[in-house]
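Colleague: just need the structure, nothing else, for what follows:
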Amino acid sequence: MPRYGYNPNSYTIMKIKREIRNTIATGCVLASVFAGSLKADEVYSQIVGAVAIDLPASSDVIVSFPFKRGTAYKGSVESATLDGFNMNLNIAGAPFQGDQFQTADDGFSSHYVQFETGNLKGLWADISSNTTGAIVIEGDEDIGDFQSQVTSGDLFTVYSQWTLDAAFPNGVASTEEAEAGLRTIEVIVPSYDSPAGSMTAEAIYFYADGAWQKFGAALSSDSPFGQAAFAPDQAAVIRNNGGDALTGYFFGEVSTAPIAIELGMDASGAIDHFVGIGRPLDVAIEDLGLESIFTSTDDRLLVYSLDASGKNKTPVAEYYYESTSWKKDGSAGDFGSDVVAVNMGIAVRKAAGTGDDVYWVNEWSLPQ
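Modeller: Presented below is the predicted three-dimensional model:
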């Protein structure tokens, strides 16, 4: 379970709604569902949407999920207690069914919890199990560091995991492989941290025999890999090996919850972290809040093209923060207004160094 950090970055729900309305005009996002009251005299719509993913022929596209899959529960913590290396988030009353969020027998977690307020704002963790009145998070020897920082009244949300089955129930762009050895579409999950300038594949998935399969595992129509979950801050590579351009889609729920993204360092060299910011609109680089955890000009934000052709793409731009402005390699001026596109996966490079991991917290604010 990662530690926490705080780096406020503010977006209002009205801006989100305005941007999504503008995007509707281009046919990229469809929105609207149930209404909820945030203030006694103001009513806002909970927004869901769909974002198209262009998949050029013979190309990689680095993407992230711009939406949440769905809210399973929202509440506040009464207390946090330890049970060995497990942390129990105790909730007043008995709001859950026993094992409602239980990790499956195949080891894949079905839900995660994310703090929205308090010392652990933005922190998320997979749920291993639950009782009727507590959420159980499996940790390690450092779990006590986090338990001690939970306070009564901290707000949290339980979300369903984005899994391969949930995101692409019939394969990306409804592509099912006729031959497992000749894959048209692959979903490559990069290692969260890779040596600078490279991308290490953690897993490669493809859809065949009516189920999601994992490269290197036995092919099976009962494959469990459809339940493989994407971390909420994770980027992925969709590789189209075919000769025709395809289109996929992301569907989901707009969330204003803050999210903490852990960035580690290595004394032996710089590390690239392949992550997603999870926002349903383009975001200017100057609004990301990265400058507070960029401690040298060797810390970089790497941006990739969403539409250029080719595999094993290199960044189309590298940004760094100097003095009071965002710079781009090879160009003069301030580039803070350049944007990270709505479903773009990015890499954040931390320069070689020692010390604790740092936490970049993206936060949105609702109007008061």
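
Colleague: spatially central residue in the chain, please.
Modeller: Centroid-nearest residue in the chain: D233, 2.4 Å away (criterion: Cα atoms, centre = their mean).

Colleague: who's in contact with it?
Modeller: Counting by Cβ atoms under 8 Å, 6 or more residues apart in numbering, D233 makes contact with S64, W124, I259, A260, I261, V275, G276, I277, G278. Using the backbone N, CA and C atoms, a C-beta is placed for each residue, glycine as well.

Colleague: just the ones of those in strands?
Modeller: S64, W124, I259, A260, I261, V275 (DSSP state E).

Colleague: any idea which of these has the most stuff around it?
Modeller: Greatest neighbour count in the ones in strands among the contacts of D233, by other Cβ atoms under 10 Å, goes to I261: 27 neighbours.

Colleague: still on that earlier bit, lowest-confidence one in the ones in strands among the contacts of D233?
Modeller: In terms of pLDDT, the lowest of those is I259, showing 86.

Colleague: now do the contacts for that one.
Modeller: Contacts of I259 (Cβ under 8 Å, 6+ apart): Q114, G122, W124, P232, D233, I277, G278, V361, N362.

Colleague: what of G276?
Modeller: If a contact means Cβ under 8 Å, 6+ apart, then G276 has V63, S64, F65, P66, D233, Q234, A235, M344, G345, I346 as its contacts.

Colleague: one more: T295?
Modeller: Neighbour list for T295: A351 [criterion: Cβ under 8 Å, 6+ apart].

Colleague: go on, N88?
Modeller: Counting by Cβ under 8 Å, 6+ apart, N88 makes contact with A80, T81, L82, A134, I135, V136, I137.

Colleague: which one of these has the most neighbours?
Modeller: Within the contacts of N88, I135 tops the neighbour count with 27 neighbours, counted by other Cβ under 10 Å.

Colleague: now do it, the pLDDT please.
Modeller: At I135, pLDDT is 96.

Colleague: what ranges of the stretch 251-368 of the chain fall below the confidence cut-off?
Modeller: 364-368 (pLDDT under 70).

Colleague: what about G243, how many neighbours?
Modeller: A count of neighbours around G243, defined by other Cβ under 10 Å, yields 8.

Colleague: cool, and A267?
Modeller: 8.

Colleague: next one: V187
Modeller: 23.

Colleague: does it touch A236 like I think?
Modeller: Yes. Shown here, V187 and A236 form a contact pair, counting by Cβ atoms under 8 Å, at 5.9 Å.

Colleague: got a list of contacts for stretch 197-205?
Modeller: By Cβ under 8 Å, 6+ apart, stretch 197-205 touches 164, 186-192, 194, 212-216, 225, 228, 237, 272, 274, 312.

Colleague: and for stretch 73-82?
Modeller: By Cβ under 8 Å, 6+ apart, stretch 73-82 touches 87-92, 95-96, 143-144, 147, 150-158.

Colleague: do stretch 99-119 as well
Modeller: Contacts to stretch 99-119, defined as Cβ under 8 Å, 6+ apart, come from residues 4, 72, 89, 121-130, 135, 137, 149-151, 153-161, 163, 224, 227-229, 232, 257-259.
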